[in-house]
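**Student:** Fold the following and give me the result.
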Amino acid sequence: MPNLGWLLSQLRDPRNVVDLLVVAVIIYWLLWVAQGTRATQLIRGIVTLLVVVFLVGTTLQLTTLNWILGQVWPVLLVSLPVIFQPEIRRALEQLGQTRSWLPQLRPRLDETAGRTVDELVKAAAQLARHRYGALIVLERETGLQNYVERGVSIDGLLTRQLLINLFYPNSPLHDGAAVLRDGRIIAASVVLPLSDNTAAASQLGTRHRAALGITEQSDAIAVVVSEETGQISIAENGRLIRNLDAERLEERLRTLLNLDLPDREGGILQGVGERLHLTPRSNATGNGAPKAATGADAEPSRTG
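**Tutor:** Purely as a prediction, here's the structure:
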């Protein structure tokens, strides 16, 4: 309580209030820049570890642990720029781009989600009909910028014609994944991590394993079209649903994105396809460097 009284007394000075506001704005901006990258998970992990260690040390009066914690702070301040080097660099680059640091000017996903689903479903249906292999990833809350930077920048308005052209056989960008964000195709030929799930490795080809891998490490949704069978599958949260038609794919996407389901004659279809029962892995991202998927369809006949 004495500390609280002292703090309130300091707030009587307008300069202290401005000081706190400036620091709060800087911290908010840094957290906003880190949002959508692996830095978010790193920050959560570091903060959680420090809080737990601090509470244990102070509660149990562990002298050695408290001494170690006191020595960690200088080391942590020095190591933070190294750990978050990509995010810091991106933040400095975005300082010169007004649109990037004013969130209210950015288009929101929920404003274009319906159109995104429509174009994605139509593209997947046509790709399946022609048996063009495809891997399309729909970004949600967890950003995929770390993976996008490995691909070829597109930043074009999402249309089914553009998606189909990207995955046309032997086209320069047909390998890898196309990443969608806010109704736009951000990048193509993106390299994704493969799932380490042993069941998936024995049953699925490269595209499907890459779809599982990215959904194990983020909340993204991945739509896969098999080049061999023309079968449409959808992966989410480390689970794969196969053998979908256009209507079932649309229903599943709208459900995952919390959109209204289409009103069809005879009611909404209840089936969600053939589910492949795989035990999903945790969304941990610190298990070493992921394997890379080039997107080339290495789907054996056992994929169905």
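**Student:** Pairing partners for residue 134 in the sheet, please.
**Tutor:** Note on residue 134: beta-bridge partners by DSSP bridges are residue 225.
**Student:** Can you tell me the element residue 64 falls in?
**Tutor:** helix 63-83 (DSSP states H and E).
**Student:** helix/strand/coil for the residue nearest to residue 131 when sequence neighbours are not counted?
**Tutor:** Distances taken as CB to CB, 6 or more residues apart in numbering put residue 230 closest to residue 131, at 4.3 Å, once the chain neighbours are dropped. In this view, the C-beta of every residue, glycine as well, is placed from N, C-alpha and C. When classified by DSSP: H, G, I helix; E, B strand; the rest coil, residue 230 comes out as coil.
**Student:** hang on, residue 230 packs against residue 134?
**Tutor:** No - the criterion here is CB atoms under 8 Å, and residue 230 misses it with residue 134 at 10.5 Å.
**Student:** which one of these two has more residues nearby?
**Tutor:** residue 134 (25 against 14; other CB atoms under 10 Å).
**Student:** Look up how far residue 12 lies from that one.
**Tutor:** 63 Å (CB to CB, to the nearest Å).
**Student:** got it, and residue 178?
**Tutor:** From residue 178 over to residue 12 the distance is 56 Å, taken as CB to CB.
**Student:** between the two, which one's more packed in?
**Tutor:** residue 178 (29 against 8).
**Student:** which ones are touching the more buried one?
**Tutor:** 134, 135, 136, 137, 154, 163, 166, 167, 185, 187, 188, 190 (CB atoms under 8 Å, 6 or more residues apart in numbering).
**Student:** which secondary structure element contains the fourth one?
**Tutor:** This points to residue 137. Element membership for residue 137, per DSSP H and E: strand 134-138.
**Student:** contact partners of that strand?
**Tutor:** 116, 120, 123-124, 127, 144, 163, 167, 176-180, 190, 192, 207, 210-211, 214, 220-225, 253, 295.
**Student:** So which residues of the stretch 1-150 of the chain form helices?
**Tutor:** Using DSSP state H, counting those that start in this stretch, the helices assigned to the stretch 1-150 of the chain run over residues 2-10, 14-34, 39-60, 63-83, 85-94, 98-101, 109-130, 145-148.
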